[in-house]
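# Give me the fold of what follows.
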Amino acid sequence: MIETTVLKNGIRVMTEHMASVRSVAIGVWVNAGSVFESDAEAGVSHFIEHMLFKGTETRGASDIAAEMDAIGANLNAFTAKECTCFHVKALDEDLEKAVDMLSDIVLRSTFDPEQMALEKGVVLEEIAMTEDSPEDIVFDRASEQLFAGTPIESEILGTEKTVNRLSREDLLRYMQKHYTAENIVIAVAGSFERENLIALLERYFADVLHGERHKTPSVSMRPGFRTALVKKDVEQINLCLALPGAALGTDAYYAQAVLSNALGGSMSSRLFQRIREERGLAYSVYSYPMAYRGAGSLCFYAGCTEGQAKEVLSLMLAEIEDVKRNGISEEEFLRARQQLKGSYVLGMESTMAHMSALGKTALLLEKEYDLEATLNRIDCVTIEAVKAAARELFTPETAAFCAVGRLDGVGDALKSAAEDWWNKHGRQA
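Below is the predicted model:
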């Protein structure tokens, strides 16, 4: 059973008791991510995430790690475009220790200047690491082009320049603005006694200050087709076509997710069968939807050798156009919808998954998570809705294409092929 509580200071708490487990997962979800950052602040949300593990008023960085290891707990965090989450999974008997640790790092981190200098080096290494992954680069650049001029365009990690110039005062100022009761949701799933849990949260999070609840900035995508060719000395050409998709929490998102599954979401999907199984042109080929508040995307990816790249892109675009004109078969539809439902249910078989669903839904959509309602929305997707989604998606007003690789012999041809597709099928402004 899912229950909602509002602490005395205004923090929203979402809880789900799971009688069959011995663990408890707790997440502190904060309305802070790259979409809220100014150009000068780029990367500050992510850097704060790192720094909250580097020492509090009573614990050093090694103390934080040792205390969690001593009880077998997993303490971690992540930063996304629209939120930051600090989470811990522990035995139910260690609930208070987990709550104590989360509150301490979120509320009483010291941002020691020496630790900041060291951690900047770590974050710069993380930024450099992404440059060694052409698959990450091609997605990031395609997304940047698709969402150019909107808050979603911003890089979560920031850049070497912006990270290096972040000061302790910048971090404190940002936290004072975003880490307020109105911008925090605490999600808990697993084994716990509810009255005890709420009492612990009231006590340990009592010092959270008040502020203004921040809404995600509006997203108004610029029409047109934008391309990026990134030269990288790697063995494969990495291709990504990005189209606008449905926003988080909308009915259209589920129809598009079924469509994505049919086109490139599994080994039985069209792209996998046509490009990999029937022709052996690529090892990795797939499609995937991304959803944010007020916007979304559907991306198609393939990685292949230079000699195969033009044919792979041509086949990808041909399948997209065929689905736009003719839709998908009843068999494809039923398989893709059931795959979506099955993967969703299987993905929810842990306390962390339930905690994440509770926190993300409450923070980003401001409503209570309902598993059965989500499954019902998947079941209610019709083949007509999927066909309508294909017609809308594949006649885009905005689109982006990116290729990453050596590109000397094929880059211009790939760009030209993608632009030809857009000129023929895009909705001109």
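
# alpha carbons only for contacts and neighbour counts from here, please
Will do.

# List the buried residues in stretch 274-282.
Across stretch 274-282, burial judged by 16 or more other Cα atoms under 10 Å covers 274-276, 281-282.

# Pull out the buried positions in stretch 172-184.
For stretch 172-184, by 16+ other Cα under 10 Å, it's 174-175, 177-184.

# ok, the residues you listed vs L7, which is closest?
Minimum distance to L7 across the buried residues of stretch 172-184 is 9.1 Å, recorded for A181 (Cα to Cα).

# dump the residue contacts of the closest residue to the closest one other than its chain neighbours.
Excluding the flanking residues, the one nearest A181 by Cα to Cα, 6 or more residues apart in numbering is I11, at 4.7 Å. Counting by Cα atoms under 8 Å, 6 or more residues apart in numbering, I11 makes contact with 181-186.

# Identify the farthest-apart pair in the residues you listed.
Among these, E182 and I186 lie farthest apart (Cα to Cα), at 11.4 Å.

# re earlier: between the buried residues of stretch 274-282, which is closest to T79?
A282 (31.8 Å).

# Quick one: the strands in the stretch 1-150 of the chain, in order.
Counting by DSSP state E, counting those that start in this stretch, residue ranges of the strands within the stretch 1-150 of the chain are 2-6, 12-17, 23-30, 74-79, 84-91.

# what is the mean pLDDT for the third one?
When you say that, I think you mean strand 23-30. What strand 23-30 shows for mean pLDDT is 98.

# Could you do the fourth one as well?
The predicted model gives strand 74-79 an average pLDDT of 98.

# So which bits of it are buried?
Those would be 75, 77, 79, for strand 74-79 by 16+ other Cα under 10 Å.

# What distance do you get for the last one to V285?
Shown here: T79 relative to V285, a distance of 27 Å by Cα to Cα, to the nearest Å.

# Now the spatially most central residue of the chain: closest residue in space, sequence neighbours ignored.
When Cα atoms, centre = their mean is applied to the chain, the residue found nearest the centroid is A80 (5.7 Å). Computed as Cα to Cα, 6+ apart, the closest residue to A80 that is not its neighbour in sequence is G33, at 5.7 Å.

# Contact partners for the one you found?
Contacts of G33 by Cα under 8 Å, 6+ apart are 45-46, 79-84, 156.

# do that again at 10 Å, thanks
For G33, the contact set (Cα atoms under 10 Å, 6 or more residues apart in numbering) comprises 42-46, 78-85, 152, 154-156, 178, 216.

# Would you write a ChimeraX line that selects the buried entries of those residues?
Buried members of the contacts of G33, defined by 16+ other Cα under 10 Å, are picked up in ChimeraX with:
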select :42,43,44,45,46,79,80,81,82,83,84,85,152,154,155,156,178,216
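
# Tell me where the protein is predicted with low confidence.
Applying pLDDT under 70 to the chain flags the ranges 428-429.

# and the gap between the residue nearest to A80 and Y292?
For G33, the distance to Y292 - Cα to Cα - is 12 Å.

# what sits in contact with each of the two?
81-82, 152, 216.

# returning to that earlier point: columns distance to S23 on top of the buried residues of stretch 172-184, output as TSV?
Shown next, in TSV, are the buried residues of stretch 172-184 (distance: Cα to Cα, whole Å):
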residue	distance to S23
Y174	33
M175	30
K177	33
H178	30
Y179	27
T180	28
A181	26
E182	28
N183	27
I184	23
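
# What about these, which are in strands?
Counted as lying in strands by DSSP state E, out of the buried residues of stretch 172-184, are I184.

# Looking at the buried residues of stretch 172-184, which one is closest to M18?
For these, the residue nearest M18 by Cα to Cα is I184; the value is 23.0 Å.

# tell me the helices in the stretch 51-200 of the chain, going along the chain?
Along the stretch 51-200 of the chain, counting by DSSP state H, counting those that start in this stretch, helices occupy 61-70, 95-107, 113-130, 134-146, 160-164, 168-178, 194-204.

# Return the angle between stretch directions for the third one and helix 61-70.
For the pair helix 113-130 and helix 61-70, the angle between their directions (axes from the mean of the first three to the mean of the last three Cα atoms, to 10 degrees) equals 70 degrees.

# which residues touch helix 113-130?
For helix 113-130, using Cα under 10 Å, 6+ apart, the contacting residues are 43, 46-48, 50-51, 54-55, 61, 131, 136-137, 140, 156-161, 163-168.

# If any of the residues you listed are buried, put those into a ChimeraX selection.
With 16+ other Cα under 10 Å as the criterion, this ChimeraX line picks the buried residues out of the contacts of helix 113-130:
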select :43,46,47,48,50,51,54,55,137,140,156,157,158,160,163,166
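
# related to what we said a few turns ago, surely the residue nearest to the centre of the chain and S34 touch.
Yes. With contact defined as Cα atoms under 10 Å, A80 counts as touching S34 (7.0 Å).

# Return every residue with contacts to both of these two.
Both A80 and S34 are contacted by 45-46, 155-157, under the criterion Cα under 10 Å, 6+ apart.

# How is this structure divided into domains?
For the chain, the structural domains run 2-204, 224-425, going by automatic domain parsing.

# can you redo those domains as a markdown table with distance to H210?
Shown next, in a markdown table, are these (distance: least, Cα to Cα, whole Å):
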| stretch | distance to H210 |
| --- | --- |
| domain 2-204 | 5 |
| domain 224-425 | 16 |
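
# Turn the shared contacts of A80 and S34 into CSV, columns for distance to L241.
Below are the shared contacts of A80 and S34 laid out as CSV (distance: Cα to Cα, whole Å):
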residue, distance to L241
S45, 28
H46, 27
E155, 19
I156, 21
L157, 23
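
# wait, which of these is closest to F401?
F401 has its nearest neighbour among those in E155, at 17.8 Å by Cα to Cα.

# Might one say that the closest one is in contact with F36?
No. Counting by Cα under 10 Å, E155 stays clear of F36, with 11.3 Å between them.

# Identify the contacts common to those two.
What both E155 and F36 touch, as defined by Cα under 10 Å, 6+ apart, is the set 42, 81.

# from the buried residues of strand 74-79, which single one is nearest L197?
Proximity of the buried residues of strand 74-79 to L197 (Cα to Cα) peaks at L75, which lies at 18.2 Å.

# partners of the closest one in the sheet?
V88 (DSSP bridges).

# Which secondary structure elements does whatever helix or strand A318 lives in sit against?
When elements are assigned from DSSP states H and E, A318 belongs to helix 309-326. Under the contact criterion of 3 or more Cα pairs under 10 Å, 6 or more residues apart in numbering; DSSP states H and E, helix 309-326 touches strand 237-244, helix 251-264, helix 270-271, strand 284-292, strand 295-304, helix 383-393, helix 411-425.

# Minimum distance to L365: which of the ones you listed has it?
Nearest of the helices and strands packed on helix 309-326 (Cα to Cα): strand 284-292, 9.9 Å.
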